[in-house]
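Enquirer: sequence unknown, structure follows:
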């Protein structure tokens, strides 16, 4: 369970807090596949940056330091990369980096806003939401940012995509109206 500003995360089956932070906001928490680290967005540096906490040592490391809004970090299924959103180029784009913060690479280059990146279960693709003109649609790309494909073209907004664990389905939020 997550509480912004007081308890970053709690492990329900163990019932213990991972750590406390009374003064700083923390959002977009993700756990590494091996369960040894958490990555999150925090304003503890005075700017919205990406941080990682090693749960065995308690070590806390700031991964981004560019003065821009860096948000929504997500570990790859193997833990070898983190995707995140940043507005360091003037609008929100998707970037990737190594788990230690090195090799920060811009993956998307579009005049629209790119948000909500999520890895495919095999780690080969990234799905995300993009705002083109006045609408949000879903896109997928290779993990290196190549071969971007539009997945939806509905006039309603689609956002917050996730792959099913078997990779056969994509779940997302939409403001579509359905008649029963």
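Expert: Ah, there it is. None of the values given here were measured: they were computed from a predicted structure.

Enquirer: from here on, just use CA atoms for contacts and neighbour counts.
Expert: Will do.

Enquirer: pLDDT score for residue 6?
Expert: Note on residue 6: pLDDT of 39.

Enquirer: ok, residue 103 - how many residues close by?
Expert: Residue 103 is flanked by 12 other residues according to other C-alpha atoms under 10 Å.

Enquirer: secondary structure element for it?
Expert: Using DSSP states H and E, residue 103 sits in no helix or strand.

Enquirer: so what's the residue nearest to it when sequence neighbours are not counted bridging to?
Expert: Spatial nearest neighbour of residue 103, chain neighbours left out: residue 97 (5.1 Å); criterion: C-alpha to C-alpha, 6 or more residues apart in numbering. Assessed by DSSP bridges, residue 97 has beta-bridge partners residue 82.

Enquirer: check contacts around residue 97.
Expert: Residues near residue 97 by C-alpha atoms under 8 Å, 6 or more residues apart in numbering: 81-83, 103-105.

Enquirer: which one of the residues you listed is nearest residue 117?
Expert: residue 83 (6.8 Å; C-alpha to C-alpha).

Enquirer: ok, the closest one - contacts?
Expert: Residue 83 neighbours (C-alpha under 8 Å, 6+ apart): 72-76, 94-97, 117-118.

Enquirer: so which of those residues is the most crowded?
Expert: Comparing those by number of neighbours (other C-alpha under 10 Å), residue 73 comes first, having 32 neighbours.

Enquirer: quick one on the thing from earlier: so which of the contacts of residue 97 comes closest to residue 113?
Expert: Closest to residue 113, out of all of the contacts of residue 97 and judged by C-alpha to C-alpha, is residue 83, at 15.2 Å.

Enquirer: please tell me how far the nearest residue in space to the closest one that is not next to it in sequence sits from residue 80.
Expert: Setting aside the residues directly before and after it, residue 83 is nearest to residue 96 in space (C-alpha to C-alpha, 6+ apart), at 4.3 Å. Relative to residue 80, residue 96 is positioned 10 Å away (C-alpha to C-alpha, to the nearest Å).

Enquirer: what is the least confident helix or strand in the chain?
Expert: The helix or strand of the chain with the lowest confidence, counting by mean pLDDT, DSSP states H and E, is strand 10-11 at a mean of 48.

Enquirer: what residues of stretch 103-121 count as buried?
Expert: For stretch 103-121, the buried set under the neighbour-count rule, 16 or more other C-alpha atoms under 10 Å, comprises 104, 106-108, 112-121.

Enquirer: repeat that for stretch 77-92.
Expert: 77, 79, 81-87, 92.

Enquirer: ok, back up a step: report the two of the buried residues of stretch 103-121 separated the most.
Expert: Spatially, the most separated pair among these is 112 and 121, at 26.1 Å (C-alpha to C-alpha).

Enquirer: return the residues in contact with residue 155.
Expert: Here residue 155 is in contact with residue 135 (criterion: C-alpha under 8 Å, 6+ apart).
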